[in-house]
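> got a structure for you, letters missing:
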Ligand SMILES: NC(=O)c1ccc[n+]([C@@H]2O[C@H](COP(=O)([O-])OP(=O)(O)OC[C@H]3O[C@@H](n4cnc5c(N)ncnc54)[C@H](O)[C@@H]3O)[C@@H](O)[C@H]2O)c1
Ligand SMILES: N[C@H](CO)Cc1c[nH]c[nH+]1
Ligand SMILES: [Zn+2]
């Protein structure tokens, strides 16, 4: 773990995402699935997930999904339903419809907004199963009105064969009926290119580990993707007034996701830095996922000392973290100066897991510095737009000369004539 001046720390994202070996492995997997389809899919599932399947077993049956209800506790179902209601309500606000501006001569300009036809949603499930990511993926797609949703999730979690029943129940609650037991880069490749058992989709959304994130990047272009939502990240910007127990607990909440997750404190307070360091050591030992969290802290954790909150804001904007918590005396004063963060948690009671599970905003967020240009998963991700242009004769008469001038300036005589042919025999002035 790096502890020291922010100036000595590498703030910009790595130019190469993942190690060369991970990049090479993903290239190979994606190419093999594209070429060989189901055969490669099943081979990689046996290799990485230690599960042997036939093509007929890839799709989860409706009976399995419904049967999972008997395996989950009523309090889980109640919490899940409340989370689903909050997430749906938040995403309903993002909805927007087609629009048309019609002028008095009948000219109409507008935008037709339609849902994507078929999307693939990845739900992580290698080290831990994430029913919350089912809701975060599916509910915005439902709000957008996507008619076909195919979900993929690994066939084994934590070495235990079988899809976690909580994932199946979350999928049923969210209204998913097409689900495949396949994970990692091979799942992303299958959704992108299609196999005999998995029809191709138009867009792939959802979070995952480095293999999933790299595979999404590799198939972009054949399909659209939401963002690079890879291993989790948290940055806490805090001053002297912050409670070190809260800061450490929230950092660990993301460190425990993955050895590749990162947790960083940025503070002008040496006192807070020392207290958080001690808290991290104390609290990490009590976590069931202590090994993952320790490794994550050792490899990617940092406590960065800055000279002022102003410098702290610069550091935060350079890091462009997935999650930013602001625990300063007057956090609202700083919010307008934060330009790059997937989600911003404000004040001592907005602990990051509030957003992971319950508040309503999406927890599928850009990582590895991509918050500079990507947004949280949202309803727009599931919509596409077509421009609408209907010119009246009168409008064409009005604009023809301007269009022809610009066309001829670009050397495109055919463009100019396409407009002028409609004016033949007419008065143009
Ligand atoms: N950014 C976000 O919005 C967000 C949200 C939730 C979770 N996450 C992240 O999702 C990830 C979940 O990771 P996970 O591993 O538990 O589940 P996962 O489903 O993402 O990955 C598991 C799959 O990885 C593949 N895999 C594992 N080791 C491999 C290897 N050596 N070579 C090739 N493929 C391999 C396997 O096929 C396996 O099915 C974590 O990194 C977590 O931080 C991110
Ligand atoms: N923090 C993760 C996003 O990086 C989302 C999540 C799901 N479950 C718990 N946390
Ligand atoms: Zn989390």
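Good, I have the coordinates. Bear in mind the structure is a predicted one, so any value in this text is a computation, not a measurement. Ligands and ions are numbered 1, 2, ... in the order given.
> just checking, next helix/strand downstream of the worst-scoring helix or strand of the chain on mean pLDDT?
For the chain, counting by mean pLDDT, DSSP states H and E, helix 62-67 ranks last in confidence among helices and strands (a mean of 90). On the C-terminal side of helix 62-67, the nearest following helix or strand under DSSP states H and E is helix 74-92.
> to the chain's geometric centre, what's the distance from that following helix?
Mean C-alpha position of helix 74-92 versus that of the full chain (C-alpha atoms, centre = their mean, to the nearest Å) differs by 19 Å.
> Chain neighbours aside, what residue packs nearest to residue 243?
Distances taken as C-beta to C-beta, 6 or more residues apart in numbering put residue 348 closest to residue 243, at 6.5 Å, once the chain neighbours are dropped. Every residue, glycine included, has its C-beta placed from N, CA and C.
> residues in contact with the one you found?
For residue 348, the contacting residues are 242-243, 246, 327, by C-beta atoms under 8 Å, 6 or more residues apart in numbering.
> roughly how far apart are residue 230 and residue 263?
15 Å (C-beta to C-beta, to the nearest Å).
> Between the two, which has more neighbouring residues?
residue 263 (31 against 26; other C-beta atoms under 10 Å).
> and that one, what are its bridge partners?
residue 234 (DSSP bridges).
> residues in the stretch 201-350 of the chain within reach of ligand 1, list them.
Proximity of the stretch 201-350 of the chain to ligand 1 (C-beta under 6 Å from any ligand atom) is limited to residues 207-209, 211-212, 229-232, 257-258, 261, 322.
> can you list the residues you listed in TSV and add pLDDT?
Shown next, in TSV, are those (pLDDT from 0 to 100):
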residue	pLDDT
207	96
208	95
209	94
211	97
212	97
229	89
230	89
231	93
232	96
257	96
258	94
261	96
322	97
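> Ligand 2: which of those is nearest?
residue 232 (3.3 Å; C-beta to the nearest ligand atom).
> quick revisit: so which of the contacts of residue 348 wins on neighbours?
That'd be residue 327 among these, by other C-beta under 10 Å, with 25 neighbours.
> hang on, the earlier thing: out of the residues of the stretch 201-350 of the chain next to ligand 1, what pair is the most spread apart?
211 and 322 (17.8 Å; C-beta to C-beta).
> Who has more neighbours out of the two?
Neighbour count, other C-beta under 10 Å: between residue 211 and residue 322, residue 322 has more, with 31 against 22.
> wait, doesn't the more buried one sit right on residue 233?
Yes: between residue 322 and residue 233 there is a contact under C-beta atoms under 8 Å: 4.2 Å.
> okay, and the common contacts of the two?
In contact with both residue 322 and residue 233: residue 367, using C-beta under 8 Å, 6+ apart.
> Around ligand 1, which positions in the stretch 51-200 of the chain sit nearby?
124-128, 130, 133, 154, 183-185.
> which residues in the stretch 1-150 of the chain form strands?
Secondary structure of the stretch 1-150 of the chain, counting by DSSP state E, counting those that start in this stretch: strands at 2-5, 99-102, 108-115, 118-122, 148-153.
> so of those, which one's packed in deepest?
strand 118-122 (a mean of 27; mean count of other C-beta atoms under 10 Å).
> Could you confirm whether that one reaches ligand 2?
No: using C-beta under 6 Å from any ligand atom, strand 118-122 stays clear of ligand 2, coming no nearer than 13.1 Å.
> which parts of the stretch 51-200 of the chain sit against ligand 2?
130, 132-133.
> ok, now the stretch 201-350 of the chain?
Contact residues, the stretch 201-350 of the chain versus ligand 2 (C-beta under 6 Å from any ligand atom): 232, 254, 322.
> In helices only, show me those.
residue 254 (DSSP state H).
> Among the residues of the stretch 201-350 of the chain next to ligand 2, find me the one that's closest to residue 91.
Using C-beta to C-beta, these come closest to residue 91 at residue 322, 18.9 Å.
> wait, isn't residue 151 in contact with residue 181?
No: counting by C-beta under 8 Å, residue 151 stays clear of residue 181, with 10.1 Å between them.
> Could you look up the SS state of residue 330?
Secondary structure assignment for residue 330 (DSSP: H, G, I helix; E, B strand; the rest coil): coil.
> Count the neighbours of it for me.
Residue 330 has 11 nearby residues by other C-beta under 10 Å.
> quick one: which two of the contacts of residue 348 are the most distant?
Greatest spacing in the contacts of residue 348, by C-beta to C-beta: 243 and 327 (7.8 Å).
> low-confidence ranges in the stretch 201-350 of the chain?
Scanning the stretch 201-350 of the chain for pLDDT under 70 picks out nothing.
> quick one: the strands in the stretch 151-300 of the chain?
Under DSSP E, counting those that start in this stretch, the stretch 151-300 of the chain gives strands at 156-157, 160-161, 178-181, 203-205, 224-225, 233-238, 262-267.
> of all those strands, which lies closest to residue 333?
Residue 333 sits nearest to strand 233-238 of all the strands of the stretch 151-300 of the chain, at 12.0 Å, using C-beta to C-beta.
> Now do the domain split for this protein, please.
20-229, 231-363, 391-423 (automatic domain parsing).
> now the ones you listed as a markdown table including distance to residue 10?
Listed next are the domains of the chain as a markdown table, based on distance: least, C-beta to C-beta, whole Å:
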| stretch | distance to residue 10 |
| --- | --- |
| domain 20-229 | 18 |
| domain 231-363 | 10 |
| domain 391-423 | 46 |
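> now for those, which one comes closest to residue 380?
Set against residue 380 and scored by C-beta to C-beta, the domains of the chain come closest in domain 20-229, at 6.7 Å.
> tell me how far the ends of the closest one are from each other?
19 Å (C-alpha to C-alpha, to the nearest Å).
> Quick one: distance of it to the chain centre.
On C-alpha atoms, centre = their mean, the centre of domain 20-229 falls 11 Å from the chain's centre.
> just stretch 245-264 next, same as before
That offset, for stretch 245-264, works out to 19 Å (C-alpha atoms, centre = their mean).
> so how far does that stretch reach from one end to the other?
15 Å.
> sorry, back to before: output the strands of the stretch 1-150 of the chain in TSV, with mean pLDDT appended to each entry.
Output for the strands of the stretch 1-150 of the chain, formatted as TSV (pLDDT from 0 to 100):
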stretch	mean pLDDT
strand 2-5	95
strand 99-102	98
strand 108-115	98
strand 118-122	98
strand 148-153	98
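> Sounds good, over and out.
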